[in-house]
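In: The following block contains a protein sequence and its predicted model.
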Amino acid sequence: MSGSNWQLSVAIIIKIITFAHKNNLAMYKTVKTISFIIAISFAFTAISCLDDSVELEERTPELEAAELFAFLDEAETEGFDVDTSDLGIYYIIYETGSDTLAQAGDTCHLEYTGYLLNGIIFDSSYDHYVDGIWHLIYKDIQLIQGFDDGIALMGKGTVLDMIIPSQLGYGPYGSDIIPPYSTLVFSAKMHDILPKTN
């Protein structure tokens with residue numbers, strides 16, 4: 001896929017994610033369908049440009065870094081304020097929410113959708129819960145480092161995107177449909193935080 005096609009796909013994905021946030025993620029199924037269609041169309045385009053003697057590009061840290069920085073650059077060009085946590089995840093806050101952030105032992109009511117940078121959705125709270133809201137006790141279960149770090153940035157009502165480099169995600173091996181050296185994007189909303197009870 002050429003550089004201009006890659007930039008176009010990043011711009012489209014950012015606009016889809018922005019649209020979903022502006023509509024309080026109510027358009028989840030439509031966004032999921034559109035993302036799937038875009039991803040499939042880019043896959044067919046990429047495959048049609050290959051001949052039998054060309055192998056697919058191997059995922060490397062350098063390729064991931066180029067994709068990540070193109071994504072971040074496009075987000076900033078679109079006017080989003082991209083910040084970085086101490087651990088090293090990037091994030092965009094759409095709604096700040098409460099000043100009281102999630103602490104270990106709190107019960108978090110979290111809605112999320114996980115994307116690859118190419119727009120493919122690999123997980124969503126809607127895939128697991130009827131109302132799309134995951135009730136988890138923070139720090140009670142093992143999460144990837146980047147997702148755990150992103151939850152720590154959230155108070156009740158916070159809506160954000162966590163952009164998680166692979167070293168804080170699934171690293172050089174990937175997981176299921178997540179390829180090696182893949183940056184992850186989680187669009188998340190914290191519906192409620194119930195403090196830990198002793």
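Out: Great, that's in hand. Numbering: from 1, shown residues only.
In: Next one: Ile193 from Phe69, what distance?
Out: According to Cβ to Cβ, to the nearest Å, Ile193 and Phe69 sit 33 Å apart. Backbone N, C-alpha and C define where each C-beta goes, glycine included.
In: so where's the protein shaky on pLDDT?
Out: The model of the chain has pLDDT under 70 over residues 1-57.
In: just the helices in it please.
Out: Using DSSP state H, the helices of the chain run over residues 3-22, 28-48, 61-77, 145-151.
In: What lies in contact with the shortest one?
Out: To tie it back to what came earlier, the one meant is helix 145-151. 85, 87-89, 91, 102, 108, 110, 138-139, 143, 160, 162, 164-165, 168-169, 184, 186, 188, 190 (Cβ atoms under 8 Å, 6 or more residues apart in numbering).
In: Among those, name the buried ones.
Out: Among those, those classed as buried by 16 or more other Cβ atoms under 10 Å are 85, 89, 91, 102, 108, 110, 138-139, 160, 162, 164-165, 168-169, 184, 186, 188, 190.
In: In strands only, show me these.
Out: The strands in this structure, assigned by DSSP state E, contain Tyr91, Cys108, Leu110, Leu160, Met162, Ile164, Leu184, Phe186, Ala188, Met190 from those.
In: Leu153 is in contact with the first one, correct?
Out: Yes. Under the contact definition of Cβ atoms under 8 Å, Tyr91 touches Leu153, with a separation of 6.2 Å.
In: and for the two, which residues touch both?
Out: By Cβ under 8 Å, 6+ apart, the residues touching both Tyr91 and Leu153 are Ser85, Leu160, Met162.
In: nearest to His128, of those residues?
Out: Met162 (18.1 Å; Cβ to Cβ).
In: roughly how far apart are that closest one and Lys156?
Out: Distance from Met162 to Lys156, counting by Cβ to Cβ: 17 Å.
In: Report the backbone C-alpha coordinates of stretch 182-190 in CSV.
Out: C-alpha atoms of stretch 182-190 as CSV (Å, rounded to 0.1, in the frame of the first residue of the first chain):
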residue,chain,number,x,y,z
SER,A,182,1.1,-3.9,16.3
THR,A,183,0.0,-0.7,18.0
LEU,A,184,-3.4,-0.9,19.5
VAL,A,185,-6.1,1.8,19.9
PHE,A,186,-8.7,1.4,22.6
SER,A,187,-11.7,3.8,22.5
ALA,A,188,-13.1,3.7,26.0
LYS,A,189,-15.7,5.3,28.3
MET,A,190,-15.7,5.0,32.1
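In: Quick one: end-to-end distance for stretch 114-133.
Out: 14 Å (Cα to Cα, to the nearest Å).
In: Which residues belonging to it are considered buried?
Out: 114-126, 132-133.
In: returning to that earlier point: so for Ile193 and Phe69, which sits in the more crowded spot?
Out: Ile193 (24 against 11; other Cβ atoms under 10 Å).
In: Understood, closing this out.
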